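Dropping a prediction and its sequence here:
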Amino acid sequence: MSFEYLNTRLHFMKAKLLGPSDFARYLDMHDLGDLIAALAETDYGPELERNSVEYSGYALVETALMQNVQRVFSKLSSMAFDEAHTLVRILLERFEVFNLKTILRGFHTGTPPGETASSLFPTILYPVSFYQELLKRDGIGAVIDFLLTVGNRYYKPLSERQADYDATHKLAVLESALDSYYFGGSRKVLQTVGDENAVAVRQMLGTEVDLLNLVYALRVVEENVESEEKYRYILDGGERLSKEFIRDLSNSPDKASFFRKFEDTDYAKRVGAFDENVTAGTFQERLEEYFYQVMCRYDPGRTFDIHLASVYIWRKIVEMTDLRVIASGLWRRVPREEIERKMIWVEGVTPERAVPA
């Protein structure tokens with residue numbers, strides 16, 4: 001599989017990404033108008049100009065960000081051919097799953113649709129209007145019915161678990177169904193490709209499976225779940241951690257025992273030690289921070305494989321997320337410290353933090 005053409009084009013696209021000095025400047029701003037003016041001089045300029053008649057303020061920034069990222073991801077997909085196209089689509093489809101999980105979570109928690117919409121990612125498989133229609137439904141059951149109506153393939157795993165969710169009202173039932181369907185389907189496709197780039201993508205997905213399983217196992221311990229049902233939601237396909245190990249973790253009598261077992265893993269060496277009283281939420285944040293660092297780390301020596309496309313996708317997602325956080329903070333006039341707490345901090349993308357976590 002040749003990535004020479006794709007990566008040559010990607011180097012030009014990567015040069016348009018924002019860098020640490022840009023984010024340092026944006027963080028020093030005190031007015032949303034200043035941020036909009038600054039972004040107008042970047043690759044976001046065309047989207048800001050096109051939408052400035054209909055929108056203003058934070059709505060203008062949000063609309064421009066969504067359209068810009070959708071434009072560049074569509075361009076990336078169109079530049080990839082044959083097996084490269086297949087791998088890029090697998091990487092981008094992950095954000096379709098993120099969006100579905102976000103919408104389900106919004107209905108589950110009763111979050112206002114507008115607030116849920118502000119957490120969605122741009123995608124190439126479905127337009128923004130598709131997710132806006134989902135947010136107009138009157139509940140999770142109606143969302144699943146709508147997916148069937150439009151022929152969305154994620155209707156299948158959700159419909160199979162809908163009765164379980166209705167009986168238990170546990171969101172993990174639906175989230176694990178989506179994740180299992182995506183990861184399982186992706187592994188099958190990658191097996192048909194079968195080369196070193198497919199292996200690299202499988203390793204990326206397997207790492208995410210490991211981290212999702214670790215967080216799930218700690219939540220099981222934290223909530224003192226004893227039912228055998230807890231094993232049902234452990235995901236297949238982990239890169240470094242077997243399902244048997246995750247089962248053992250979930251059977252830990254307390255957090256101290258959990259973290260003693262966790263200390264022997266490769267991930268413990270990479271993310272550091274944890275206090276035994278740490279919450280599952282904080283544990284998840286630390287693991288996600290590690291994951292973002294790994295996915296955004298650029299190796300200039302890898303010029304003829306899937307690496308650059310993957311790094312570009314994840315850096316663009318981090319860029320968009322952090323711009324959202326800064327724009328929202330300026331719009332709401334919150335302290336800089338609060339803005340920084342909500343940002344994703346990645347070496348080579350954002351500057352060093354000015355305040356402690």
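Noted; the coordinates are in hand. Predicted model, so just to flag it, every value in this text is computed and none were measured. Residues are numbered from 1 along each chain as shown.

Quick check: can you list the domain ranges of the chain?
Domain ranges of the chain: 1-79+306-346, 80-194, 195-296, per automatic domain parsing.

and of these, who's closest to Glu352?
Glu352 sits nearest to domain 1-79+306-346 of all the domains of the chain, at 7.9 Å, using CB to CB. In this view, the C-beta of every residue, glycine as well, is placed from N, C-alpha and C.

Using TSV, lay out the domains of the chain together with mean pLDDT and mean neighbour count.
As requested, those are exported to TSV (pLDDT from 0 to 100; neighbours: other CB atoms under 10 Å):
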stretch	mean pLDDT	mean neighbour count
domain 1-79+306-346	95	17
domain 80-194	94	17
domain 195-296	95	17
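
With just CA atoms, put stretch 164-177 into CSV.
This file holds the C-alpha atoms of stretch 164-177, laid out as CSV (Å, rounded to 0.1, in the frame of the first residue of the first chain):
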residue,chain,number,x,y,z
ASP,A,164,-31.7,-4.5,28.8
TYR,A,165,-31.4,-0.7,29.1
ASP,A,166,-35.1,-0.3,29.7
ALA,A,167,-35.0,-2.9,32.5
THR,A,168,-31.8,-1.7,34.2
HIS,A,169,-31.5,2.0,33.1
LYS,A,170,-27.8,1.5,32.8
LEU,A,171,-26.2,3.5,30.1
ALA,A,172,-23.2,1.2,30.0
VAL,A,173,-25.5,-1.4,28.3
LEU,A,174,-25.9,0.8,25.2
GLU,A,175,-22.4,2.3,25.2
SER,A,176,-20.7,-1.1,25.3
ALA,A,177,-23.0,-2.2,22.5
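
In a markdown table, list the domains of the chain along with distance to Glu352.
Shown next, in a markdown table, are those (distance: least, CB to CB, whole Å):
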| stretch | distance to Glu352 |
| --- | --- |
| domain 1-79+306-346 | 8 |
| domain 80-194 | 26 |
| domain 195-296 | 14 |
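
right, so of the ones you listed, which gets closest to Arg353?
Here domain 1-79+306-346 is closest among those (CB to CB), at 6.0 Å.

Now do that closest one: distance to the chain's middle.
Remark: domain 1-79+306-346 is offset 15 Å from the chain centroid, using CA atoms, centre = their mean, to the nearest Å.

Stretch 122-136 now?
Computed by CA atoms, centre = their mean, the chain-centroid distance of stretch 122-136 equals 16 Å.

first to last residue in it, what's the distance?
From its first residue to its last, stretch 122-136 covers 18 Å (CA to CA, to the nearest Å).

Repeat that for stretch 296-313.
Stretch 296-313 has an end-to-end distance of 8 Å (CA to CA).

Surely Arg153 is in a helix?
No - with DSSP: H, G, I helix; E, B strand; the rest coil as the criterion, Arg153 is coil rather than part of a helix.

ok, so what distance separates it from Val53?
37 Å (CB to CB, to the nearest Å).

Also Leu135?
Per CB to CB, Leu135 is found 24 Å from Val53.

would you list every one of the helices in the stretch 51-200 of the chain?
Under the criterion DSSP state H, counting those that start in this stretch, the stretch 51-200 of the chain contains helices at 57-79, 82-109, 113-117, 128-135, 140-149, 155-168, 171-193, 196-222.

how about JSON lines for those, with distance to Asp305 added?
Formatted as JSON lines, those follow (distance: least, CB to CB, whole Å):
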{"stretch": "helix 57-79", "distance to Asp305": "15"}
{"stretch": "helix 82-109", "distance to Asp305": "9"}
{"stretch": "helix 113-117", "distance to Asp305": "36"}
{"stretch": "helix 128-135", "distance to Asp305": "31"}
{"stretch": "helix 140-149", "distance to Asp305": "34"}
{"stretch": "helix 155-168", "distance to Asp305": "31"}
{"stretch": "helix 171-193", "distance to Asp305": "13"}
{"stretch": "helix 196-222", "distance to Asp305": "5"}
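
For Phe291, which of the ones you listed is the nearest?
Closest to Phe291 of the helices of the stretch 51-200 of the chain is helix 196-222 (CB to CB; 5.8 Å).

what's near enough to touch Glu226?
Neighbouring residues of Glu226 by CB atoms under 8 Å, 6 or more residues apart in numbering: there are none.

Now it: which helix or strand?
Following DSSP states H and E, one finds Glu226 outside all helices and strands.

Quick check: Ser250 touching Val221?
Yes - counting by CB atoms under 8 Å, Ser250 touches Val221, with 6.6 Å between them.

and for those two, which residues touch both?
Common contact partners of Ser250 and Val221 (CB under 8 Å, 6+ apart): none.

My reading is that Cys305 lies in a strand. Confirm?
Not quite, residue 305 is Asp, not Cys. No - Asp305 is assigned coil when assessed by three-state DSSP, not a strand.

And it, how close does it get to Thr350?
The gap separating Asp305 from Thr350 is 26 Å, by CB to CB.

All the helices of the stretch 251-357 of the chain, in order from the start?
For the stretch 251-357 of the chain, the helices defined by DSSP H, counting those that start in this stretch occupy 255-262, 266-271, 280-296, 307-332, 336-342.

and the angle from the third one to helix 196-222?
What separates the directions of helix 280-296 and helix 196-222 is an angle of 170 degrees, with axes from the mean of the first three to the mean of the last three CA atoms, to 10 degrees.

Provide the contact partners of helix 280-296 at residue level.
Contacts of helix 280-296 (CB under 8 Å, 6+ apart): 204, 207-208, 211, 214-215, 218-219, 222, 267, 270-272, 274, 310-311, 314-315, 318, 344-349.
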